[in-house]
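Asker: requesting a structural model of the entry that follows:
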Amino acid sequence: MKNLRKQQLIAIGSSSAVLYGVLCLVAFASAASRSEKPAPVDAEQYADFMENEVLDIQDLAEDAEVQRRMFNRITPPGLSWTQPMFPPVAPFDAQYFDEQFLAGLLGEDKNSVAIYPLSLIQDSKTRETLIYNAEGELIAAIPADCGSREWPKDADPSRVILQLDLLPAEDVEPYLYTERRIEETLARYNASRSAKSGGAATRGLEAGEFGICNIQGTTNGTMFITVTNGASVAEVFAYTVWHTSSVVVVTWTNEQSNVVTDTNTVWHQVSPAFNGLESAWECLTTNLVLTNGVGVYENANISSNARIRFYAVANRQDTDGDGLTDGMEIFIHHTAPQSMDTDGDGLTDFEEVQLGTEPHTPNIVKKVYFVDELPEEPTGAVHRARTSMSRGAIFRQKPYIRSGIKKDLGSTSPVILQHPYRPNTILLKRGYTIRSVGESV
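Answerer: Numbers count the residues shown, from 1 in each chain. Just a heads-up that it's a prediction; the model follows:
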């Protein structure tokens, strides 16, 4: 018992500064709060909290067994997890617990008093309830109170690890009092922030800042994205973390010999996790009209497989005048919205997007002109490439000469022609695109 009392004194003493800080915040919040005496702990709240008192160590083990089986029923086969008990903090009276158990408790500070974290694990063979303290030391083992039954290997209740914080009964009132004062202080702080910024701060926006101020979902899979403080037109982008689902059916027999079947849907992530601007964003619209700076975009019929979706918005503008909006450059092409030619190879970012070349890597091809028909072949050596079966023209940094053209390239009618008098310039028949750029083989 000495160890328990010592732990309490140390924890309470070290937390006094925390409590003082909380009280000071409250004291300086407003003139009204300085003149009001804090109300005592609500009697009904206190009574509700004490209803969950742990009477003795056997009561603790029995409650853990009930909750362990409840959580086991909703856990898909093959999974194990750590689950806080309900409620996660429970009072106890030390006089009803043996000295060995009390000596093993290790206290941590919470709400100005000491609490004692426990982990309760069931031995899958003996069905004993094993109790560990905050440092993982075994401090008690309570035998099962009845004969054990056979459980499926992948649905054994021993896979559920429970956690509980014990709180000395004499510390319940200061614990609840401090908890309430902290909640009140945080509520006043959040209210002052909302009033200062017109309510937008709760959504991460300062007054007058452009962005998304609200996202609201409906039961039919539609999301409404509200944009505020924008220009006349905005663009909306999204990144989706896609998932697939599987249905797991668990059949088991309860303590009353009743066969129970539980069906669980388990989701599995199949696309990369969100990685900011490096993610593969998609453009949902380039024409969200804003009225007085506000507009609502309706993202309808979203698949249930889109378990996580991120949204971003941009004012529709083209700062560098290259033909790509700033939003498209930032989210889709990852080019510089302040530079017409991100890689400096003479082709604008827009031209490289149209050609399918890499706007971050300089290309040998400097200019491409689209024509309805290619001119007659001029005299002299002219390097040609020919179309593939997919109608996509192939241009290589070192073009094939006539004798080097491979027959398996398909059509004998050339659609791409290197200009004989203008190095690094090609003519491309309209309707075709450059599919790849690379070294000749």
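Asker: so is Gln100 in a helix, a strand, or just coil?
Answerer: helix (DSSP: H, G, I helix; E, B strand; the rest coil).
Asker: local confidence estimate at it?
Answerer: Gln100 is assigned 93 on the pLDDT scale.
Asker: Val172 belongs to a helix?
Answerer: Yes - applying three-state DSSP, one finds Val172 inside a helix.
Asker: shaky segments in this protein?
Answerer: For the chain, residues meeting the criterion pLDDT under 70 lie at 1-39, 146-149, 192-204, 252, 254-256, 363-441.
Asker: and the helices in it?
Answerer: 2-27, 31-35, 43-50, 57-73, 99-104, 172-196, 326-327, 349-355 (DSSP state H).
Asker: list the contacts for the closest residue to Thr263 other than its chain neighbours?
Answerer: Once flanking residues are discounted, Thr263 sits nearest to Val249: 5.3 Å by CB to CB, 6 or more residues apart in numbering. (C-beta placed from N, C-alpha, C; glycine too.) By CB atoms under 8 Å, 6 or more residues apart in numbering, the residues touching Val249 are 261-264.
Asker: out of those residues, which end up buried?
Answerer: Among the contacts of Val249, those classed as buried by 16 or more other CB atoms under 10 Å are Asp262.
Asker: can you redo the contacts of Val249 as JSON lines with distance to Pro152?
Answerer: Formatted as JSON lines, these follow (distance: CB to CB, whole Å):
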{"residue": "Thr261", "distance to Pro152": "13"}
{"residue": "Asp262", "distance to Pro152": "12"}
{"residue": "Thr263", "distance to Pro152": "16"}
{"residue": "Asn264", "distance to Pro152": "14"}
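Asker: let me know the closest of the contacts of Val249 to Glu351.
Answerer: Glu351 lies nearest to Asn264 out of those, by CB to CB, at 52.5 Å.
Asker: and the gap between that closest one and Arg316?
Answerer: Asn264 sits 45 Å away from Arg316, going by CB to CB, to the nearest Å.
Asker: Ile121 now?
Answerer: Distance from Ile121 to Arg316, by CB to CB: 58 Å.
Asker: ditto for Asp123
Answerer: 64 Å.
Asker: more neighbours: which of the two?
Answerer: Neighbours were tallied for Asp123 and for Arg316 using other CB atoms under 10 Å; the higher tally belongs to Arg316 (21 against 13).
Asker: residue contacts, the more buried one?
Answerer: Contacts of Arg316 by CB under 8 Å, 6+ apart are 231, 233-235, 286-287, 325, 327.
Asker: repeat that with 10 Å
Answerer: 230-235, 285-290, 325-328 (CB atoms under 10 Å, 6 or more residues apart in numbering).
Asker: of those, buried ones?
Answerer: So, by 16+ other CB under 10 Å, the buried ones in these are 230, 233-235, 285, 288, 290, 325-328.
Asker: of all the residues you listed, which two lie farthest apart?
Answerer: It's Leu290 and Met328 that sit farthest apart of the buried ones among the contacts of Arg316, by CB to CB, at 18.1 Å.
Asker: run me through the strand neighbours of the lengthiest strand in the chain, direction for each.
Answerer: Looking across the chain with DSSP state E, the single longest strand is strand 233-253. Strand pairing for strand 233-253, using DSSP bridges, gives strand 259-269 (antiparallel), strand 282-289 (antiparallel), strand 306-315 (antiparallel).
Asker: Ala312 touches Phe210, doesn't it?
Answerer: No - with contact defined as CB atoms under 10 Å, Ala312 does not count as touching Phe210 (11.5 Å).
Asker: which one of those two is surrounded by more residues?
Answerer: Ala312 (20 against 17).
Asker: so that one versus Gln95, what's the distance?
Answerer: Taking CB to CB as the measure, Ala312 falls 60 Å from Gln95.
Asker: what's the answer for Thr219, then?
Answerer: 53 Å.
Asker: of these two, who's got more company?
Answerer: The neighbour count for Thr219 versus Gln95, taken as other CB under 10 Å, is higher for Gln95 (8 against 5).
Asker: against Ile139, how distant is that one?
Answerer: 18 Å.
Asker: try Thr219
Answerer: Taking CB to CB, one finds Thr219 at 48 Å from Ile139.
Asker: same question for Ala306.
Answerer: Counting by CB to CB - Ala306 and Ile139 are separated by 47 Å.
Asker: the more surrounded of these two?
Answerer: Remark: of Ala306 and Ile139, Ile139 carries more neighbours, 19 against 16, as counted by other CB under 10 Å.
Asker: and for the more buried one, nearest residue in space, chain neighbours not counted?
Answerer: Gly104 (3.0 Å).
Asker: doesn't Ala141 make contact with that neighbour?
Answerer: No - using CB under 10 Å as the test, Gly104 is too far from Ala141 to be in contact (11.6 Å).
Asker: isn't Phe274 right up against Tyr311?
Answerer: No - using CB under 10 Å as the test, Phe274 is too far from Tyr311 to be in contact (11.5 Å).
Asker: the two - which one has more neighbours?
Answerer: Legend: neighbour count by other CB under 10 Å for Phe274 and Tyr311, higher for Tyr311 (17 against 13).
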